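>>> pasting the structure only:
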């Protein structure tokens, strides 16, 4: 836990810890007690803070992560051209892999893979992935794509980034993200 984390209330620290732990270990690799211990939070207050149990903690952790990843989309919206926007979208994930020494991936992927039999978590992940696609479609729309084409491109971008992040974690390299950026940029400049 960082010094900045220590300044937060215990509930917020637990959500942030859950987000990080899920991205590193997946849903099944994280228990409520681990989250509380990692956040230096009071174990006895888990039920008070999260009456919905692990599902509530996981959905809030994904929401927290999505809010942080939205910075890449915001940078893409401010980019001067589509190539720079694609660089911002992919670059945010490249930086996340490097910063965590390739130990941290997408929390939504963990939710989908580890909790596919849990409809609450699967549906929450689908909702958040759909929201990410909507935001990326806005980026493409800003650069002149009609709504249907922008949505198609956004689905391709999100799918490519998700796969590239998974490949990057496995191979401990940004090669797949670098290729994804290059191919998406070439596609956009045709």
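Cool, the structure landed. Owing to the predicted nature of the structure, the values given are computational and were not obtained by experimental measurement.
>>> Nearest residue to the middle of this protein?
With distances taken as Cα atoms, centre = their mean, the chain has residue 106 as the residue nearest its mean C-alpha position (4.3 Å).
>>> Thought residue 159 was touching that residue, still the case?
No - between residue 106 and residue 159 there is no contact under Cβ atoms under 8 Å: 11.8 Å. Where C-beta positions appear, they are placed from N, C-alpha and C, glycine not excepted.
>>> Now for the residue nearest to the centre of the chain: which residues touch it?
Counting by Cβ atoms under 8 Å, 6 or more residues apart in numbering, residue 106 touches 23, 65, 162, 165-166.
>>> and stretch 172-187, what's its mean pLDDT?
Averaged over stretch 172-187, pLDDT sits at 97.
>>> and the two most separated of the contacts of residue 106?
Maximum pairwise distance among those (Cβ to Cβ): 15.6 Å, between 65 and 166.
>>> So between the two, which is more surrounded?
Legend: neighbour count by other Cβ atoms under 10 Å for residue 65 and residue 166, higher for residue 65 (24 against 15).
>>> Is that one within a helix or a strand, and which one?
helix 53-77 (DSSP states H and E).
>>> Give the buried residues for that helix.
54, 57-62, 64-66, 69, 72-73, 75-76 (16 or more other Cβ atoms under 10 Å).
>>> Packing partners of the helix or strand that it is followed by?
Sequence order places helix 82-99 as the next helix or strand after helix 53-77, per DSSP H and E. Helix 82-99 is packed against helix 53-77, helix 119-142, helix 147-171, helix 175-188, with contacts defined by 3 or more Cβ pairs under 8 Å, 6 or more residues apart in numbering; DSSP states H and E.
>>> Between helix 82-99 and the third one, find me the angle.
This points to helix 147-171. Put simply, helix 147-171 runs at 30 degrees to helix 82-99, going by axes from the mean of the first three to the mean of the last three Cα atoms, to 10 degrees.
>>> Name the residues of helix 147-171 that are buried.
For helix 147-171, by 16+ other Cβ under 10 Å, it's 150-151, 153-158, 160-162, 164-165, 167-169.
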